[in-house]
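**Q** Make a model of this:
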Amino acid sequence: MQLRPEQLAAHLQKRLAPLYVLHGNEPLLVIEAGDAIRAAARAQGFAEREVLIAGQGFKWDELFLAAGNLSLFGGDKLVDLRIPSGKPGRDGGEALKRYCGQLPGGIVTLVTLPELDWQTKKGGWFGTLSEAGVALECNAPPLAQLPAWLAERLARQQQSAPRAALDFIAAHVEGNLLAAHQEIQKLGLLYPAGEITLPQIEAAVLNVARYDIDKLRAALANNDAARCVRVLEGLRAEGAAPPLVLWTLANESRNQCQRLPARRNAARNALLHAARIDRIIKGVAQGDLWDEFLQLSMRLTRTA
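**A** Numbering: from 1, shown residues only. Next up is the predicted model:
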């Protein structure tokens, strides 16, 4: 059974399923979902929790032993299995399949995984886990949906903000939901219930955006020049490796050559520009490296 994170609260009002599987690219949402399941388990009489971390050298028999041991407190038990790598290996995969085939009574098992690639999701052990219990994929909302996510978080503390203020927060915490969560909590401490104005939020919110190459690639693909500028500034501040930034820009130039025949000449010029930047990186040409990155990104995001 597949659930969306926003469906979890209503689901936990019912009797718990014997198995939950959490995975996704946003640690905050995974942590919150795990906390909610653990709280529901305590409320429903699962008095004991045993945590297992399946790292290097983990013996998978421990999972079966944990499920077989009676609770010391005389109630039901939560087995909290964490697989930090997301790769249980052959032995682990087989053990998880066997475990799902004989889920013990009086036990709720919570399996926590990181973000999984498509090959892992197609793996037999993950499919067996998902079919035997309730699976939640906890991914960060895309940038376009982030203001709505922020508004919902503000509403939890009886606060609201105009759309311009929500957009401002989103731009400053892009890619870092934990930072967004902290900023929302900070607003709850600084201001009373009710609407918070844009100037109030500008005064309170820190620029904690986390930028990476994937965001630059997405901004280029969407012809979003303003976002390219923001991401490049963030990459520069974080000391990103110039060859990696250049590879991303050059790759987009090649893609435009292939998919946009009308822009083929412009894309070829962009590749020549990339070659000049490569010479700057290698120290055989003069120029302001990050300004050149900015100019190349502007060239690539022109729609005309």
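**Q** Surely residue 30 touches residue 22?
**A** Yes - proximity of residue 30 to residue 22 meets the contact threshold set by CB atoms under 8 Å, at 5.2 Å. Every residue, glycine included, has its C-beta placed from N, CA and C.
**Q** Need the residues touching each of those two.
**A** Residues touching both residue 30 and residue 22 by CB atoms under 8 Å, 6 or more residues apart in numbering: 112, 138.
**Q** Tell me where the stretch 101-250 of the chain has helices.
**A** 118-121, 124-132, 146-156, 163-173, 177-190, 198-204, 213-221, 225-237, 242-259 (DSSP state H, counting those that start in this stretch).
**Q** Select, out of those helices, the one closest to residue 57.
**A** Ranking the helices of the stretch 101-250 of the chain by proximity to residue 57 (CB to CB) places helix 124-132 first, at 19.1 Å.
**Q** which residues are contacting that closest one?
**A** With CB under 8 Å, 6+ apart as the criterion, helix 124-132 contacts 1-2, 18-19, 21, 88, 92-94, 96-97, 100, 103, 111, 116, 120, 135.
**Q** roughly how far apart are residue 31 and residue 118?
**A** 24 Å (CB to CB, to the nearest Å).
**Q** Compare those two (neighbour count), which wins?
**A** residue 31 (15 against 7; other CB atoms under 10 Å).
**Q** Next, the buried residues of whichever strand or helix holds that one.
**A** Remark: residue 31 resides in helix 27-43, with elements defined by DSSP states H and E. Residues 28, 29, 30, 32, 33, 34, 36, 37, 38, 40, 41 are the ones in helix 27-43 that count as buried (16 or more other CB atoms under 10 Å).
**Q** What does the pLDDT read for the fourth one?
**A** Reading off the confidence values, residue 32 has pLDDT 93.
**Q** go on, the first one?
**A** According to the model's per-residue confidence, residue 28 sits at a pLDDT of 91.
**Q** Map the structural domains onto the sequence of the protein.
**A** Following automatic domain parsing, one gets these domains for the chain: 2-137, 143-204, 213-300.
**Q** can you give me the offset of the first one from its chain's centre?
**A** Distance of domain 2-137 from the chain centroid (CA atoms, centre = their mean, to the nearest Å) equals 19 Å.
**Q** what does the second one give?
**A** With CA atoms, centre = their mean as the basis, the distance from the averaged C-alpha position of domain 143-204 to the chain average is 19 Å.
**Q** Weed out the non-buried ones from the contacts of helix 124-132.
**A** 19, 21, 88, 92, 93, 96, 100, 111, 116, 120, 135.
**Q** quick check, the fifth one in a strand?
**A** Meaning residue 93. No - in this structure, residue 93 is helix, not part of a strand, as judged by DSSP: H, G, I helix; E, B strand; the rest coil.
**Q** which residues does it contact?
**A** By CB under 8 Å, 6+ apart, the contact set of residue 93 is 123, 124, 125.
**Q** and if you look at the third one?
**A** By CB under 8 Å, 6+ apart, the contact set of residue 88 is 54, 95, 96, 125.
**Q** And for the last one?
**A** For residue 135, the contacting residues are 1, 2, 3, 20, 21, 22, 23, 129, by CB under 8 Å, 6+ apart.
**Q** Confidence-wise, which of those residues comes last?
**A** Minimum confidence in the contacts of residue 135 sits at residue 1, scoring 86.
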